[in-house]
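Trainee: quick one, what's the 3D model for this:
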Amino acid sequence: MSFREKSAWITLVTVLLCFGAYFGTEFAHWFSGDARSNGFLLLKCVGAFVILQLVLTLAAAWTTPKDGRTPRDERERMIQARSHSIGYYVLVVLMLMLGVPLHLGHPSAPEMMFYALLGVVITGLVVSAAQIVMFRRGF
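Mentor: So this is what the prediction gives:
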């Protein structure tokens with residue numbers, strides 16, 4: 001497995017772990033009737049995400065020292081460009097869908113920021129998953 005594919009797996013797993021914990025807790029609060037937002041939990045999850053990314057990327061670079069320093073070849077540049085274009089379209093659709101809660105009710109500003117953050121996290125997952133699929137298929 002190449003360093004860039006390992007990096008995509010690292011991103012996918014860390015986003016699922018860190019932000020899955022955050023969104024799971026927030027959805028549990030909302031469904032229980034306690035609609036308050038927990039900013040400290042978000043800061044902890046972002047901090048854990050950054051630390052996990054650093055540690056796991058350094059471990060991946062340590063296991064494949066030559067691969068991490070080599071410049072991207074044409075295939076890897078195409079995979080990155082294609083996955084980012086897919087992520088762009090997903091992000092645009094999700095940001096346009098932010099208008100739906102505005103028409104269904106009167107959400108507060110923290111709720112709208114929660115939905116926007118959810119869109120960004122989903123986009124990150126889509127980009128990582130697209131990169132993994134393209135690396136596996138041999139795009």
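Trainee: alpha carbons only for contacts and neighbour counts from here, please
Mentor: Fine.
Trainee: just checking, what packs against the helix or strand of the chain with the lowest mean pLDDT?
Mentor: In the chain, no helix or strand scores lower on mean pLDDT, DSSP states H and E than helix 65-69, which sits at a mean of 72. Secondary-structure packing of helix 65-69 (3 or more CA pairs under 8 Å, 6 or more residues apart in numbering; DSSP states H and E): helix 3-31.
Trainee: what about this structure, any weak spots by pLDDT?
Mentor: 33-37, 68 (pLDDT under 70).
Trainee: close enough to count as contact, residue 124 and residue 85?
Mentor: No. Between residue 124 and residue 85 there is no contact under CA atoms under 8 Å: 11.9 Å.
Trainee: which one of these two is surrounded by more residues?
Mentor: Shown here are residue 124 and residue 85; by other CA atoms under 10 Å, residue 124 has more neighbours (21 against 13).
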